[in-house]
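J.: sequence below, structure please.
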Amino acid sequence: MQTIDKKSTKKAWAGAITEPAKEFPLTQLPIISGNIPDSLRGTLYRNGAARLERGGVRVGHWFDGDGAILAVNFTDAGASAVYRYVQTTGYQAETAAGKFLYGNYGMTAPGAIWNQWRRPVKNAANTSVLALPDRLLALWEGNNPHALNLETLETQGLDNLGGLDQGVPYSAHPKVDPHTGEIFNFGVTPSINAILNIYKSDFTGKILQKAKFTLEGFPVIHDFVLAGQYLIFFAPPVQINVFPVLFGFKTYSDSMKWQPESGTEILVFDRETLTLVSRGKTEPWYQWHFANGYVDASGSVIIDFARYQDFQTNQYLREVAAGETHTLAETTLTRVQLQPQTGRVIAIEKLLDRTCEFPLVPKPNVGQASRYTYMSISRTGTDMSQEILNAIARFDHKTQTLTEANLGENCYPSEPILAQDWVLTVVYDGNSHRSEVWVYDSDRLDEEPVCKLELPSVIPHSFHGTWKPA
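T.: Below is the predicted model of the structure:
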């Protein structure tokens, strides 16, 4: 943890996280420009770290912030929104105390070492959301998810999905098969040789099948990919020394070591049986997020992801929490072709040499070929050692062209979310210090938004979201 420095000079993006986010009840949203499309009916949900400070003390890492959910509803009557913190046990206890009580990804619990044993790592519920038919899940990869009311966002408590043991992780990156409705996910249980838990659920979220696989050491696995009949994991050469974490001497973040000599391990599982098909090794890289995967006509698996050359991204994200960055963590949109039966990489191709993150494809294309990949991206000329992502874009795999939405100076969009023919993003305008919802035509990202809506309060830069059709 670090004491707030009020004298430092910061970029416009820092204005969104200077103060803890303010909740607001269901509120009708005024239209700033344009009109809400007639075909846009449903709810946008977003999750992110909304409180990065308590009692004059900042969190140690962006990942430590308490999660808050934004829901933006589009109906025939217009657009309305509600914003609420996830009422986790840790959030409620720290609110009552007026100070930090728990450790997390980038911070240890305050006080003596024995505090680590009394107070386990806080479930921040801050990373993503999964909209089920009867509830919304606030996801955080270190524990069970929290269930919330889809309309009011009232927290209903931890949810074991009918099959999770208490405290067992359920990651923030589930994959939903658009044809079967099956939900696949995973969680990594900390250990000297960590356990990869793999889950298959039905469309209601109920876990139907589970499997366990012992990993080599404790690699950092944040996301995975569904590709046809396969579930594929890249275990990058970042290993966690679990002992200092368990004994409270170090945080998870400080216990991670970049070991490029180990290479990246590839694990291929069968989606029906959840059994290992193959494992292989390839060159070192790090990735947080995958765009998509599919099986091509030759039987090879094609996987697209945002590739980092090293693990500097972790330091950069630590600095984001302080509102001032100095570390450069660049990515390239990269494609890997591999042979699933052997885990052997056939080819590695750089698709786009621009720093990007949060790549995704339209939901109907998850697990199969998609012409388009959408992403957050940096505007040309941006110094990414001092800025955060400040544009959104669409890459056309057929024509190899990029269509970019340039939001203008000091405007910062969230990850683009597809809603039928529309792209939704929550924008922090650092010029006016307010947050807005912008709606783009998915085929015309380089044109003005078809609609802009004003939100009642500033929404801190968030991680992931989803769209639930009406």
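J.: when you work out contacts or count neighbours from here on, use the C-alpha atoms and nothing else.
T.: OK.
J.: next helix or strand past the strand or helix carrying residue 198?
T.: If you go by DSSP states H and E, residue 198 is part of strand 195-201. Helices and strands here follow DSSP H and E; after strand 195-201, the next one along the chain is strand 207-214.
J.: the helix or strand following that next one pairs with which strands, and in what direction?
T.: On the C-terminal side of strand 207-214, the closest following helix or strand by DSSP H and E is strand 225-227. Sheet pairing for strand 225-227, assigned by DSSP bridges, gives strand 230-235 (antiparallel).
J.: can I get the partner strand in CSV? Just the C-alpha atoms.
T.: Taking C-alpha atoms only, strand 230-235 is exported to CSV below (Å, rounded to 0.1, in the frame of the first residue of the first chain):
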residue,chain,number,x,y,z
TYR,A,230,-11.0,-28.0,-27.5
LEU,A,231,-10.3,-25.9,-24.4
ILE,A,232,-6.8,-24.4,-24.7
PHE,A,233,-4.6,-22.8,-22.0
PHE,A,234,-1.3,-21.0,-22.5
ALA,A,235,0.7,-21.2,-19.3
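J.: per-residue pLDDT, residue 242?
T.: pLDDT recorded at residue 242 is 85.
J.: what's the answer for residue 7, then?
T.: Residue 7 is given a pLDDT of 47.
J.: counting neighbours, what do you get for the residue lying closest to residue 323 once chain neighbours are set aside?
T.: Nearest in space to residue 323, with sequence neighbours left out and distances taken as CA to CA, 6 or more residues apart in numbering, is residue 14 at 4.8 Å. Close neighbours of residue 14, defined as other CA atoms under 10 Å, add up to 21.
J.: with the one 4 residues further on instead?
T.: Applying other CA under 10 Å, we find 18 residues neighbouring residue 18.
J.: now do residue 190
T.: Residue 190, neighbours per other CA under 10 Å, totals 21.
J.: so it versus residue 225, what's the distance?
T.: The gap separating residue 190 from residue 225 is 21 Å, by CA to CA, to the nearest Å.
J.: mind checking the longest helix of this protein?
T.: helix 312-322 (DSSP state H).
J.: go through that helix and flag the buried ones.
T.: 313-322 (16 or more other CA atoms under 10 Å).
J.: so the residue nearest to residue 323 makes contact with residue 386?
T.: No - between residue 14 and residue 386 there is no contact under CA atoms under 8 Å: 10.5 Å.
J.: doesn't the residue nearest to residue 323 fall inside a helix?
T.: Yes - counting by DSSP: H, G, I helix; E, B strand; the rest coil, residue 14 falls inside a helix.
J.: how near is it to residue 62?
T.: In terms of CA to CA, residue 14 sits 12 Å off from residue 62.
J.: that older thread, list the helices and strands whichever helix or strand comes after the longest helix of the chain packs on?
T.: Later in the chain than helix 312-322, the nearest helix or strand by DSSP H and E is strand 331-339. Judged by 3 or more CA pairs under 8 Å, 6 or more residues apart in numbering; DSSP states H and E, strand 331-339 is in contact with strand 301-308, strand 344-352, strand 356-360.
J.: which residues are contacting the shortest one?
T.: Residues external to strand 356-360 that are found in contact with it (CA atoms under 8 Å, 6 or more residues apart in numbering): 289-292, 305-306, 330-333, 373-378, 389, 415, 464.
J.: run me through the strand neighbours of that strand, direction for each.
T.: Strand 356-360 has these strand partners (DSSP bridges): strand 372-377 (antiparallel).
J.: and the strand holding residue 198, how far from the chain's centre?
T.: Distance of strand 195-201 from the chain centroid (CA atoms, centre = their mean, to the nearest Å) equals 19 Å.
J.: can I get the CA coordinates of that strand in CSV?
T.: C-alpha atoms of strand 195-201 as CSV (Å, rounded to 0.1, in the frame of the first residue of the first chain):
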residue,chain,number,x,y,z
ILE,A,195,-4.2,-27.3,-9.6
LEU,A,196,-6.1,-26.3,-12.8
ASN,A,197,-9.8,-26.9,-12.1
ILE,A,198,-11.9,-27.0,-15.3
TYR,A,199,-15.7,-26.7,-15.2
LYS,A,200,-18.6,-27.3,-17.7
SER,A,201,-22.0,-25.8,-16.9
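J.: what's in contact with that strand?
T.: Taking CA under 8 Å, 6+ apart as the rule, strand 195-201 contacts 182-189, 207-215, 274.
J.: and those, which are buried?
T.: 182-189, 207, 210, 212, 215, 274.
J.: can you report how many residues lie near residue 261?
T.: Neighbour tally, residue 261, other CA under 10 Å: 9.
J.: ok, now the one 5 residues further on?
T.: For residue 266, the count of nearby residues is 21 (other CA under 10 Å).
J.: give me the below-cutoff pLDDT ranges for the protein.
T.: 1-8, 111-119 (pLDDT under 70).
J.: please, which helix or strand holds residue 26?
T.: Assigned by DSSP H and E, residue 26 falls in strand 24-28.
J.: cool, and residue 45?
T.: Going by DSSP H and E, residue 45 is in strand 42-51.
J.: all helices in the stretch 151-300 of the chain, in order from the N-terminus.
T.: 242-246 (DSSP state H, counting those that start in this stretch).
J.: oh, that last question was meant for the stretch 1-150 of the chain, not what I typed.
T.: 89-97, 114-118.
J.: ok, back up a step: quickly list what's touching both of residue 14 and residue 386.
T.: Contacts common to residue 14 and residue 386, judged by CA under 8 Å, 6+ apart, are residue 324.
J.: one step back: the buried ones among the contacts of strand 195-201: which two are farthest apart?
T.: Farthest pair in the buried ones among the contacts of strand 195-201 (CA to CA) is 182 and 215. Separation: 25.0 Å.
J.: buried set for stretch 161-171?
T.: So stretch 161-171, judged by 16+ other CA under 10 Å, has buried residues 161, 164, 168-171.
J.: what comes into contact with that stretch?
T.: 139-145, 160, 185-189, 205-208, 222-223.
J.: same check, this time on stretch 49-60
T.: 1-4, 17, 19-21, 62-68, 85, 98-100, 106-107, 126-127, 318, 321-322, 459-463.
J.: from those, keep the buried residues only.
T.: Counted by 16+ other CA under 10 Å, those give 1, 4, 17, 20-21, 62-68, 85, 100, 106-107, 126-127, 318, 321-322, 459-463 as buried.
J.: how near is the closest residue to residue 93 other than its chain neighbours to residue 412?
T.: The shortest distance from residue 93 to any residue other than its chain neighbours is 7.8 Å, reached at residue 101 (CA to CA, 6+ apart). Separation of residue 101 from residue 412 (CA to CA) stands at 32 Å.
J.: so for those two, which residue has more residues nearby?
T.: Neighbour totals were compared for residue 101 and residue 412, and residue 412 leads with 27 against 21 (other CA under 10 Å).
J.: quick one: what helix or strand has the more buried one in it?
T.: strand 411-413.
J.: if I look at residue 68, how far off is residue 157?
T.: Taken as CA to CA, the span from residue 68 to residue 157 is 14 Å.
J.: kindly report the same for residue 403.
T.: Taking CA to CA, one finds residue 403 at 41 Å from residue 157.
J.: so which bits of stretch 392-408 are buried?
T.: So for stretch 392-408, counting by 16+ other CA under 10 Å, buried means 392-395, 402-407.
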